[in-house]
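*Asks:* Model the structure of this input:
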Amino acid sequence: MIEVIPQELAASLARALGRISDEGIPTPFLFVYDQAWEVAQRLRPAFDALMGAPTYVLPDVWAWFLRSKAGGAGGWAPHRGVRYDVRDAQGAPTLMNAWIALTDVTEANACMYVVPLPKDPSYPGALDAVDVDPSLATPLPVPAGGLVAWNANVLHWGGRMQSDAPPRASLSFSIATAREPPPPASFDARLDLVAEMLLTYKDIARVDAAWIEWASLWRGLRTAQTLRPSS
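*Replies:* The predicted structure is shown next:
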């Protein structure tokens, strides 16, 4: 675990996620704010060191705000970041998932669980498989402001919230050694990214149908603006 952001920034983003969630707005809208991208910029030095090469933030993000419920709220179901082998010729990963805790995250409030690659019977030959014995997984509790990261092929999932657990706020980025365009800077470009993320992760994140409709309409409008002939 590496601490990547100050406690004050983590707390500010956690409060923002709580307000977004309270209004029924999808949590990836956090990424319209500069502060979310400040986290991404703080990641770069750590990932340059971890991956041994210059790294770039991909347009692949999400944010979570989980509260305990009688039914046992939890994170996403078991999945992999990608289902193709991300190793280079030397066996080093070229794509990693970064998960940042904005509140203290423990096993009581849905910390991440990962299956180490040496224990994963489906790695690397059957990366479409996501069924695994849960006893093979390792829990990853993280204090607020901390980062955990893994090879994007790693099978992982969010735990369950205990009934009396405090809220869990977190966000994630994907980091690659391949050069990518810079993170979106304009408000409209950030909305483009939010719409794309809602459409990409609509099933696993259980995005409300009304927001899927918004994302589709927004993407269509932006495409039409791009194709509009100049006068």
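*Asks:* Does the nearest residue to Leu17 once chain neighbours are set aside lie in a helix or a strand, and which?
*Replies:* Distances taken as C-beta to C-beta, 6 or more residues apart in numbering place Phe65 nearest to Leu17, at 4.2 Å, with adjacent residues excluded. All C-beta spots, glycine's among them, are computed from the backbone N, C-alpha and C. Per DSSP states H and E: Phe65 is located in strand 56-66.
*Asks:* Surely the residue nearest to Leu17 and Pro167 touch.
*Replies:* Yes: counting by C-beta atoms under 8 Å, Phe65 touches Pro167, with 6.4 Å between them.
*Asks:* so what's in contact with the two at the same time?
*Replies:* Taking C-beta atoms under 8 Å, 6 or more residues apart in numbering as the contact rule, Phe65 and Pro167 both touch 14, 18.
*Asks:* So the residue nearest the centre of the chain: helix, strand or coil?
*Replies:* Closest residue to the average C-alpha location of the chain: Ser172 at 2.8 Å, with C-alpha atoms, centre = their mean. Secondary structure, DSSP: H, G, I helix; E, B strand; the rest coil: Ser172 is strand.
*Asks:* oh, and call the first residue 43 from now on, that's how I've got it
*Replies:* Sounds good: first residue 43 from here, last item Ser214.
*Asks:* mind listing what it touches?
*Replies:* Listed by C-beta under 8 Å, 6+ apart, the contact set of Ser214 reads 103-105, 139-142.
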